[in-house]
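**Student:** Here is the input, now give the coordinates:
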Amino acid sequence: MPGSGIWRTKSVEQSISDTDEPDTRLRRELTTRDLTVFGVAVVIGAGIFTLTARTAGNVAGPSISLAFVLAACACALAALCYAEFASTVPVAGSAYTFSYATFGEFVAWIIGWDLILEFALASAVVAKGWSLYLGNVFGAGSTIAHIGPLNLDWGALVIVGVLTVVLAVGTKVSSRVSAIVTAIKILVVLLVIVVGFFYIDTDNYSPFVPPAEQAGDAAAGMHQSLLSFFTGAGGSTYGWYGLLAAASLVFFAFIGFDVVATTAEETKNPQKSLPRGILGSLAIVTVLYVAVTVVLTGMVKYTDLRTGSPLVGDGSATLATAFEAHGITWAKMAISFGGLAGLTTVVMVMMLGQTRVLFAMSRDGLMPRGLAKTGRRGTPVRITLLVGGVVAVLAALFPMGTLEEMVNIGTLFAFVLVCIGVVILRRTRPDLPRGFRVPLVPLVPILAVLACGWLMLNLSVETWIRFVVWMALGVAVYFAYGYRRSVLGRRLAAPVEAAPEPEPEPIPANLPV
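**Tutor:** Residues are numbered from 1 along each chain as shown. The predicted structure follows:
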């Protein structure tokens, strides 16, 4: 039975039934291959070309490859929970929809509000990164236009505008575009791996886990992690602590596979395709990440990748740094081109996830219902244009800075709720058909919650403060609008029509008087 008030739950059956509404129906046309492409497209971005070298040089040394394995294991635990939920509740909205069926409307709103923050900021930040790569590839230099007091990033504006049109045309078209661009960036990654393999010196792998060194004082005050703030523990680079810290950092290179779950309602066979798409894409990117780090740390000594080393200088090492050390000058252009292709699909798939979460919230009445109307191509055009406009403004006019960490905390918060939700739904609705089942429940979900919780504790205090402020704003919006406009709330409040009283039987005419 559904709860009452803010804890009212929307049954899985009702969620699935709502997908058949004519005006808000999405077109089912995605396959396992499409979902796998989306997953790889959004996870492999510029991080593989920059994050790997920087973390290897400053935090973990050659053990960076093991850090990626540890991060992949933590991510896989959450991915298993997403796969079960997505195959059980094949409805748009991902963690928002899952939470509605388990925790109730208020928690669903909170996670939906959280996902809005995650996808919008991620799209804007990555679009700005795309603009930087555009200047490198075509020699355009800065893509900032100065218009009076405004600094307009026209590169970010262009990519967001083009991808908004692609998403509005149709999800299948988006998948085809994503497949082509993803193939290009994977070819660049494979080229880097193959060429770099011939320059590996196995002596560079020793020591695999470098001796620990005391960390500097850069991370202090509000910039230190929440764990350090409460415990007063100091950090270190290298050593086993550095390895674990590196795993926390590179975990964010995997963020994005959860976007696959937002397309559940547009998948032809969600019970089979969603688990395969989520887990398959995660497996592919893990292999590529580990291969790149093994080649990178084999090409040059990890100390040469440290900030301040003669090879790096005062900046940060990138994948191109190792190739430049061997005189392979063309690698920088190839890596920049790969980064440009990589970021293109990341922006598109993040915006796709944003539109599907808003679509689900609008259809439930927690956002204006008119936004959920779909066009003749089966896509929520109004929401797509709205999201495109907001992301374009954020990317073109506002510097993102440390708001990047807001993407991370929002994602991990969603992971935690989904993992807990799997355990709850197993107990409350064991009868539901599940296309995929998480093994060893509740052990696997508990391990996933602990892993994600640990990573959240390693985020800075200022990130937590911003997150709490955003959540508080979301609570205010819910009680001011969503609670009163909720479709589920109106259904539960509607008076139940009383059954008509039976008409009295007619008196036979031949009864004796």
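
**Student:** Just the helices from the stretch 401-513 of the chain, written as ranges.
**Tutor:** In the stretch 401-513 of the chain, the helices defined using DSSP state H, counting those that start in this stretch lie at 404-428, 443-457, 461-477, 483-485, 487-493.

**Student:** Single out the most deeply packed of these.
**Tutor:** helix 404-428 (a mean of 21; mean count of other CB atoms under 10 Å). Backbone N, C-alpha and C define where each C-beta goes, glycine included.

**Student:** And Ser225, what's its pLDDT?
**Tutor:** For Ser225, the pLDDT comes out at 65.

**Student:** for Asn151, helix, strand, or coil?
**Tutor:** Using DSSP: H, G, I helix; E, B strand; the rest coil, the structure places Asn151 in strand.

**Student:** so it makes contact with Ser131?
**Tutor:** No - in this structure Asn151 lies outside contact range of Ser131 using CB atoms under 8 Å: 11.9 Å.

**Student:** neighbour-wise, which of those two wins?
**Tutor:** Comparing Asn151 with Ser131 by other CB atoms under 10 Å, the one with more neighbours is Ser131, at 25 against 14.

**Student:** Does the closest residue to Asp304 other than its chain neighbours belong to a helix, a strand or coil?
**Tutor:** Nearest non-adjacent residue to Asp304, counting by CB to CB, 6 or more residues apart in numbering: Leu311, 4.5 Å away. Following three-state DSSP, we place Leu311 in the coil state.

**Student:** From Arg369, how far out is Leu311?
**Tutor:** Leu311 sits 58 Å away from Arg369, going by CB to CB, to the nearest Å.

**Student:** Same check on Phe106?
**Tutor:** The gap separating Phe106 from Arg369 is 19 Å, by CB to CB.

**Student:** So the two - more neighbours on which side?
**Tutor:** Between Phe106 and Arg369, Phe106 has the larger neighbour count (other CB under 10 Å), namely 20 against 15.

**Student:** Tell me who's in contact with the more buried one.
**Tutor:** Ile6, Trp7, Tyr478 (CB atoms under 8 Å, 6 or more residues apart in numbering).

**Student:** can you list the weak-confidence ranges in the stretch 301-450 of the chain?
**Tutor:** Residues of the stretch 301-450 of the chain meeting the criterion pLDDT under 70: 315, 399-406.

**Student:** show me where the stretch 1-150 of the chain has helices.
**Tutor:** According to DSSP H, counting those that start in this stretch, the helices that the stretch 1-150 of the chain contains are 12-18, 32-43, 47-55, 64-88, 95-102, 105-138.

**Student:** Determine which stretch of those is the most buried.
**Tutor:** Mean neighbours per residue, mean count of other CB under 10 Å, is largest over the helices of the stretch 1-150 of the chain for helix 95-102, with a mean of 29.

**Student:** List the contacts of that one.
**Tutor:** For helix 95-102, the surrounding residues in contact (CB under 8 Å, 6+ apart) are 9-12, 15, 85, 89, 91, 93, 107-108, 110-112, 115, 258, 261, 357, 360-361, 364, 414, 417-418, 420-421, 424-425, 428.

**Student:** orientation of it relative to helix 64-88 in degrees?
**Tutor:** Interaxial angle, helix 95-102 versus helix 64-88 (axes from the mean of the first three to the mean of the last three CA atoms, to 10 degrees): 50 degrees.

**Student:** Output helix 95-102 as PDB - backbone C-alpha positions only.
**Tutor:** Presented in PDB, the C-alpha positions along helix 95-102 are these (Å, rounded to 0.1, in the frame of the first residue of the first chain):
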ATOM      1  CA  ALA A  95      17.400   6.900  -9.700                       C
ATOM      2  CA  TYR A  96      14.500   9.300  -9.400                       C
ATOM      3  CA  THR A  97      12.000   6.700 -10.600                       C
ATOM      4  CA  PHE A  98      13.600   3.900  -8.500                       C
ATOM      5  CA  SER A  99      13.400   6.000  -5.300                       C
ATOM      6  CA  TYR A 100       9.700   6.800  -6.000                       C
ATOM      7  CA  ALA A 101       8.900   3.100  -5.800                       C
ATOM      8  CA  THR A 102      10.900   2.400  -2.600                       C
END
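
**Student:** how far is it from where the chain is centred?
**Tutor:** Computed by CA atoms, centre = their mean, to the nearest Å, the chain-centroid distance of helix 95-102 equals 16 Å.

**Student:** could you check the angle helix 404-428 makes with it?
**Tutor:** 30 degrees.

**Student:** tell me the strands in the stretch 151-300 of the chain, going along the chain?
**Tutor:** Ranges of strands in the stretch 151-300 of the chain, per DSSP state E, counting those that start in this stretch, are 213-214, 236-237.
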